[in-house]
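Student: Build me a structure from this.
(chains A, B, C and D)
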Protein chains: 2
Amino acid sequence: MTKRTARVIVEVPDRTRGERCSPGPRPLVDLDALERASADFELLAHPVRLAILAILVRRGGEVCVCDLEGALPVKQPTVSHHLRLLREAGWIDTVRKGVWAYYFVRPDVVAPVRDRVRRVVEGLR
Amino acid sequence: MTKRTARVIVEVPDRTRGERCSPGPRPLVDLDALERASADFELLAHPVRLAILAILVRRGGEVCVCDLEGALPVKQPTVSHHLRLLREAGWIDTVRKGVWAYYFVRPDVVAPVRDRVRRVVEGLR
DNA sequence: GCGACGCATTGACAGTCGTCGATATATACG
DNA sequence: CGTATATATCGACGACTGTCAATGCGTCGC
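Tutor: Take a look at the predicted model:
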């Protein structure tokens, strides 16, 4: 989703040329965790998507698109767009019942997301 | 930071025209929390920034830019750019010591961030 | 002073994102 | 069938993001 061009390197260099300007051990960064986490954060980084997720979780079940549409400050194609992003990420899924489409969260997918995010955020201390 | 054009409305409409296609109570969404949280997530949604934060937190103190520069897969102006974003958000700050600039996290700012993110993410259950 | 160095800023570029009108698709109802 | 309704997709637009070379700015050592 982002324009990530390169990967994050694991070590802080020991700056053999000249003395190091920071003392202390060289920090290690879990590369793959960062990459996956940032992808999660990208999806969370929009209020409409957050609202969709909040509504779906609140209802604890299927929610009709038309209800979402009415609750959000964007037009129908835009709602559909954000629903697609969440669906393509696997976070939510949909069933059609007649004319209506009902969306719901997939807890089996969102739970690992929650774990990844929690791990990164708790690391900020 | 995002292209938010409008605000998130608080209620799911009761669809007076026609019957509602979803039953259940109308969910309420904490608008301001969503807005602030999505701003937090935007800042977290890049692996370089995540890596910077991880390194700063790990070191538990000031880290020279040149160390960060060596640890990240982007050139110096790009590092500076991401440092600026984090600094402008108040998450980190800097002291100059001679030629070098040392960055460090501001726990007083990051702690509320952690709380907001935690609140949103724990809400995903 | 001068040159070297570390970092910040600028400016430009390509790529991506969010939005919405228009349109397509699909279902339901006469 | 035709029409209405719900959702998805398309296409275009403007705005923003990430990146880096070039340049500026401040500090150090000489």
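Student: CA atoms for contacts and neighbours, from now on please.
Tutor: Noted.
Student: and the helix of greatest length in chain A, anywhere near chain B?
Tutor: The residue-count maximum for a helix in chain A (DSSP state H) belongs to helix A:107-122. Yes - interface with chain B: helix A:107-122 contributes A:107, A:110, A:111, A:114, A:117, A:118, A:121, A:122 (Cα under 8 Å from any Cα of the partner chain).
Student: again, but for stretch A:37-52
Tutor: Yes - part of stretch A:37-52 sits near chain B under the criterion Cα under 8 Å from any Cα, namely A:37-42, A:44-48, A:50-51.
Student: what's the neighbour count on residue A:30?
Tutor: Using other Cα atoms under 10 Å in any protein chain shown, residue A:30 is surrounded by 13 other residues.
Student: Kindly report the same for residue A:76.
Tutor: Counted with other Cα under 10 Å, residue A:76 comes out at 14.
Student: Tell me who's in contact with it.
Tutor: Residue A:76 sits next to residue A:69 when contact means Cα atoms under 8 Å, 6 or more residues apart in numbering or on different chains.
Student: what's the answer for the one 10 residues further on, then?
Tutor: If a contact means Cα under 8 Å, 6+ apart, then residue A:86 has A:43, A:49, A:92 as its contacts.
Student: I'd say the second one and residue A:84 touch.
Tutor: Right, residue A:49. No - under the criterion of Cα atoms under 8 Å, residue A:49 is not in contact with residue A:84, lying 10.4 Å apart.
Student: okay, the two: which has more neighbours?
Tutor: Ranked by neighbour count (other Cα under 10 Å), residue A:49 and residue A:84 place residue A:49 first, with 21 against 14.
Student: The longest helix of chain A packs against which elements?
Tutor: helix A:31-44, helix B:107-122 (3 or more Cα pairs under 8 Å, 6 or more residues apart in numbering or on different chains; DSSP states H and E).
Student: Pick the most buried one from those helices.
Tutor: For the helices and strands packed on helix A:107-122, average neighbour numbers computed from mean count of other Cα atoms under 10 Å in any protein chain shown are highest in helix A:31-44, which has a mean of 20.
Student: does DNA strand D sit close to that helix?
Tutor: No - judged by Cα under 7 Å from any atom of the strand, helix A:31-44 makes no contact with DNA strand D; its nearest approach is 9.1 Å.
Student: Quick one: mean pLDDT for that helix?
Tutor: What helix A:31-44 shows for mean pLDDT is 90.
Student: list the buried ones in stretch A:62-80?
Tutor: Within stretch A:62-80, the residues scored as buried using 16 or more other Cα atoms under 10 Å in any protein chain shown are A:62-74, A:79.
Student: which one of these sits closest to DNA strand C?
Tutor: Of all the buried residues of stretch A:62-80, residue A:74 has the smallest distance to DNA strand C: 3.7 Å, by Cα to the nearest atom of the strand.
Student: which residues of chain A score low on pLDDT?
Tutor: A:1-28, A:31 (pLDDT under 70).
Student: can you pull out the helices in it?
Tutor: A:31-44, A:47-59, A:65-71, A:76-88, A:107-122.
Student: Now tabulate those in JSON lines and tack on distance to DNA strand C.
Tutor: Putting the helices of chain A into JSON lines (distance: least, Cα to the nearest atom of the strand, whole Å) gives the following:
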{"stretch": "helix A:31-44", "distance to DNA strand C": "7"}
{"stretch": "helix A:47-59", "distance to DNA strand C": "7"}
{"stretch": "helix A:65-71", "distance to DNA strand C": "10"}
{"stretch": "helix A:76-88", "distance to DNA strand C": "4"}
{"stretch": "helix A:107-122", "distance to DNA strand C": "18"}
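Student: how about CSV for the ones you listed, with distance to residue A:99 added?
Tutor: Shown next, in CSV, are the helices of chain A (distance: least, Cα to Cα, whole Å):
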stretch, distance to residue A:99
helix A:31-44, 28
helix A:47-59, 19
helix A:65-71, 10
helix A:76-88, 15
helix A:107-122, 25
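Student: Which of the ones you listed sits closest to residue B:29?
Tutor: helix A:47-59 (6.8 Å; Cα to Cα).
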